[in-house]
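In: make a model of this:
(one chain, ligands or ions: 1)
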Amino acid sequence: MTVATKGGLERSGPDIWTQNGNPSHLVSEAHASRERLGVEQIALWQLHRIDSKVPRDEQFEAVKLLLDDGVIAHAGLSEVSVEDIVEAAKVFPVATVQNRYNFADRGSEDVLKYCEAHGIGFIPWFPLAAGEHAREGSALDAIAKAHGATPSQIAVAWLLQRSPVIIPIPGTSRVAHLEENMKAGEIELTQAEFDQLDKAGSQRA
Ligand SMILES: NC(=O)c1ccc[n+]([C@@H]2O[C@H](COP(=O)([O-])OP(=O)(O)OC[C@H]3O[C@@H](n4cnc5c(N)ncnc54)[C@H](OP(=O)(O)O)[C@@H]3O)[C@@H](O)[C@H]2O)c1
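Out: Below you'll find the model as predicted:
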């Protein structure tokens, strides 16, 4: 099991997220995370957002410092473009990218392709996308029924089949959902099912 965390956003109240890419803040935040996690080294630390108020290279240098000092073992980015990854990779090895992506939200397809080509882990957030796509009679609903599975499980199974670099991170507060989501790894979609969801999702991109 790998515990990953992020830094670069301040949370001063409920639903208030403020970017703070000040290099000294990034460094002190990562040190504080390490202490809270009770580990010697954070396995994977991700820059939550590149703060547009701070030159991005300065933020990347802070990440490099954390790697060089051994505070973090691997570093990643979140909600970035291909160009951001290319620039960051000039400063530190980019291990992962965490962008919003699911079968029905394919805005980061170019980033995923770049990650595949460069051996970078792609961590899709909001991976379930079951909501409206799971309505009675939808492709997701039909495929879920054929597998005796839930729409959430099929959405995760599709991601796992989409690319070997994809690591889905379904969020949940319930053990039952956690167990259900873990079982998605055992579901194998047929090529026709995969293509059907691929097509349904691509049409919406
Ligand atoms: N990088 C970023 O900018 C960013 C932004 C947002 C989120 N994230 C990360 O992405 C991860 C997940 O994202 P997310 O929570 O926004 O979206 P999500 O995982 O797609 O959806 C979570 C929602 O789905 C429900 N759910 C989970 N499993 C389910 C199941 N098997 N059946 C039915 N409902 C289920 C959860 O409710 P229950 O609690 O009832 O299970 C919760 O309401 C988190 O680790 C989060 O930190 C990253």
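In: could you measure from the residue lying farthest from the centre of the chain over to the ligand?
Out: The outermost residue of the chain relative to its centre, with distances by C-alpha atoms, centre = their mean, is Gly137 at 29.2 Å. Distance, Gly137 to the ligand, using C-beta to the nearest ligand atom, to the nearest Å: 19 Å. Just so you know, the C-beta spots here come from the backbone N, C-alpha and C atoms, and that holds for glycine as well.
In: for that residue, helix, strand, or coil?
Out: Secondary structure assignment for Gly137 (DSSP: H, G, I helix; E, B strand; the rest coil): coil.
In: what does the pLDDT read for it?
Out: pLDDT, Gly137: 83.
In: for the ligand, what's its nearest residue on this protein.
Out: Across the chain, the shortest distance to the ligand (C-beta to the nearest ligand atom) belongs to Gly171, at 2.5 Å.
In: residues near that residue, how many?
Out: Residues lying near Gly171 (other C-beta atoms under 10 Å) number 11.
In: for Ala89, same thing?
Out: Count around Ala89 with other C-beta under 10 Å applied: 14.
In: check the burial of Asp15 by counting its neighbours.
Out: Quick note: Asp15 (other C-beta under 10 Å) scores 5 neighbours.
In: got phi/psi on it?
Out: The phi and psi values for Asp15, taken as degrees, to the nearest 10, are phi 60, psi 20.
In: give me the neighbour count for the nearest residue to Ala134 once chain neighbours are set aside.
Out: Nearest non-adjacent residue to Ala134, counting by C-beta to C-beta, 6 or more residues apart in numbering: Pro151, 3.5 Å away. Pro151 has 20 neighbouring residues, counting by other C-beta under 10 Å.
In: who touches Pro151 in this structure?
Out: With contact set as C-beta atoms under 8 Å, 6 or more residues apart in numbering, Pro151 has these partners: Ala130, His133, Ala134, Leu140, Asp141, Ala144.
In: please look at the second one and Asp105 and confirm they touch.
Out: Meaning His133. No. With contact defined as C-beta atoms under 8 Å, His133 and Asp105 do not form a contacting pair (10.1 Å).
In: looking at these two, which one has more neighbours?
Out: Set His133 next to Asp105 and count neighbours by other C-beta under 10 Å: His133 wins out with 21 against 17.
In: sorry, back to before: assign the residue of the chain closest to the ligand to helix, strand or coil.
Out: Quick answer, by three-state DSSP: Gly171 is coil.
In: for it, grab phi and psi.
Out: Per degrees, to the nearest 10, the backbone of Gly171 is at phi -90, psi 140.
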